[in-house]
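>>> sequence and computational prediction follow.
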Amino acid sequence: MKDTAREKEVLLLVGTMKGAFFYRSDAARRNWNVEGPHFRGESVYSLFHDTRQGRNRTFAAPTSPHWGGTLRTSEDFGKTWSEPDQHSVRFPEDSGLALAQIWQVAPGPTSDPDLLYCGVEPAALFESRDAGNSWSPVDGLLKHEHRPKWMPGAGGLCLHTIITDPQGSERMLIAISAAGVYRTDDGGRTWRARNVGVRAEFLPDKHPEFGQCVHKVVQHPARPERLFLQNHWGLYRSDDWGENWVDVANGVPSDFGFAMAMHPHDQDTVYIVPLESDMFRCTPEAKLRVYRTTDAGAKWEPLTSGLPQEEAYETVLRDCLATDSLDSAGVYFGTRSGKLFGSSDSGDSWTEIADGLPPIVCVKTALIDS
């Protein structure tokens with residue numbers, strides 16, 4: 001559902017290696033007010049603002065040298081935060097595992113507004129059925145038979161993507177680097193790898209059952225069975241909830257990259273930011289280009305208006321590309337060099353919102369009451 005511009009402001013949540021910054025603007029999205037940094041000196045790889053059931057609860061997952069990875073909440077847009085020593089997300093003692101970092105906080109389906117999920121490193125899924133006040137591990141994944149064979153990617157063995165079924169079924173899909181995609185159809189009791197067609201270029205067997213280094217998966221709620229996937233190498237689409245994947249890297253300068261985002265109103269429109277290669281993780285030809293498909297991957301077009309096209313050796317990480325759901329959709333991304341860009345016309349033109357931030361590792365959006 002599109003949100004009425006007159007009633008909403010955009011909240012842009014930006015996580016960096018040295019804290020989190022909150023940007024706010026009206027629907028025009030020309031001028032931004034900034035607050036922060038919150039969690040000064042701590043890396044913040046996951047942010048989420050929950051407005052369901054009339055809440056205004058912000059979740060942040062800072063990692064500090066003292067406290068390690070924690071989940072903090074604020075009810076007043078960051079003016080105050082819950083204490084860092086509560087450690088509500090933690091592994092059972094008999095698991096032999098210890099939380100390194102929280103990579104993702106995601107809402108459950110709209111039919112259950114108190115349900116939340118949390119993806120962590122080492123790879124595991126946690127759930128909360130009380131709006132984030134308490135958390136427990138999803139045992140079916142925690143005790144999966146493949147777990148002893150999962151190998152970490154360069155960023156660690158992280159569960160970074162959570163896709164729920166907007167129709168409210170017990171189906172869910174997660175992505176782990178570097179284990180690939182897994183899906184449950186019974187609310188998390190059992191999980192099966194869903195990687196048919198996805199390459200693992202770095203393995204002797206290029207098409208194993210699991211072991212792919214999936215970087216991101218996105219979905220549009222109007223067609224939940226269709227998924228788009230950015231792999232370590234490769235761009236893919238599935239039209240059957242991940243049972244099979246087909247290559248859709250048609251006309252992009254590289255099929256390596258991390259970031260991927262879905263247009264909020266169009267199930268055929270997806271955004272990516274390609275990088276040259278796994279050995280040179282910068283934008284190809286030193287041009288900062290967002291690529292967009294409007295036909296489900298049949299072809300891709302570069303979006304460059306307002307973006308630097310010379311000596312732009314930028315890197316955009318997996319959770320650093322996001323959209324808002326205003327009538328004229330906003331698209332936002334942040335770079336490892338600390339630049340934050342935004343578009344208020346679905347990517348047709350761009351402006352620089354901020355420069356000189358610490359390395360950006362997370363960009364999320366929410367619409368809040370004016």
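That came through, no problem. Predicted, not measured: the structure shown is a model, and the values here were computed from it.

>>> point out where this structure drops to low pLDDT.
Along the chain, the parts satisfying pLDDT under 70 run over 1-6, 85-87.

>>> 90 instead, please
Per-residue confidence for the chain (pLDDT under 90) gives these ranges: 1-8, 64-69, 83-88, 110-111, 153-155, 167-169, 201-206, 370.

>>> pop out the phi and psi values for the residue with the largest distance to the centre of it.
The outermost residue of the chain relative to its centre, with distances by Cα atoms, centre = their mean, is residue 94 at 30.0 Å. Recorded main-chain torsions at residue 94 are phi -80, psi 0, according to degrees, to the nearest 10.

>>> OK, contacts around the residue at minimal distance from the centre of the chain?
In the chain, the centroid-proximal residue (Cα atoms, centre = their mean) is residue 319; its distance is 3.9 Å. Applying Cβ atoms under 8 Å, 6 or more residues apart in numbering, we find residue 319 in contact with 15, 45, 46, 103, 104, 160, 216, 259, 361, 362, 363, 364. Quick note: C-beta positions are derived from backbone N, CA and C, even for glycine.

>>> which of those count as buried?
In terms of neighbour count (16 or more other Cβ atoms under 10 Å), the buried residues within the contacts of residue 319 are 15, 45, 46, 103, 104, 160, 216, 259, 361, 362, 363, 364.

>>> the residue farthest from the centre of the chain and residue 206, how far apart?
For residue 94, the distance to residue 206 equals 37 Å [Cβ to Cβ, to the nearest Å].

>>> same thing with residue 333?
Counting by Cβ to Cβ, the gap between residue 333 and residue 206 amounts to 30 Å.

>>> got it, and residue 318?
Distance of residue 318 to residue 206, given as Cβ to Cβ: 22 Å.

>>> compare the two (neighbour count), which wins?
When neighbours are counted by other Cβ atoms under 10 Å, residue 318 comes out ahead of the other of residue 318 and residue 206, with 24 against 12.

>>> residues contacting the more buried one?
With contacts defined as Cβ under 8 Å, 6+ apart, the neighbours of residue 318 are 160, 215, 216, 230, 258, 259, 260.

>>> helices of the stretch 101-250 of the chain, start to end?
Under the criterion DSSP state H, counting those that start in this stretch, the stretch 101-250 of the chain contains helices at 139-142.

>>> need the contact list for residue 114.
Residues near residue 114 by Cβ under 8 Å, 6+ apart: 52, 53, 128, 129, 130, 131.

>>> I'd like these as JSON lines, with distance to residue 248 and neighbour count appended.
Compiled in JSON lines, the contacts of residue 114 are given as follows (distance: Cβ to Cβ, whole Å; neighbours: other Cβ atoms under 10 Å):
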{"residue": "52", "distance to residue 248": "32", "neighbour count": "15"}
{"residue": "53", "distance to residue 248": "37", "neighbour count": "9"}
{"residue": "128", "distance to residue 248": "35", "neighbour count": "21"}
{"residue": "129", "distance to residue 248": "36", "neighbour count": "14"}
{"residue": "130", "distance to residue 248": "39", "neighbour count": "10"}
{"residue": "131", "distance to residue 248": "37", "neighbour count": "17"}
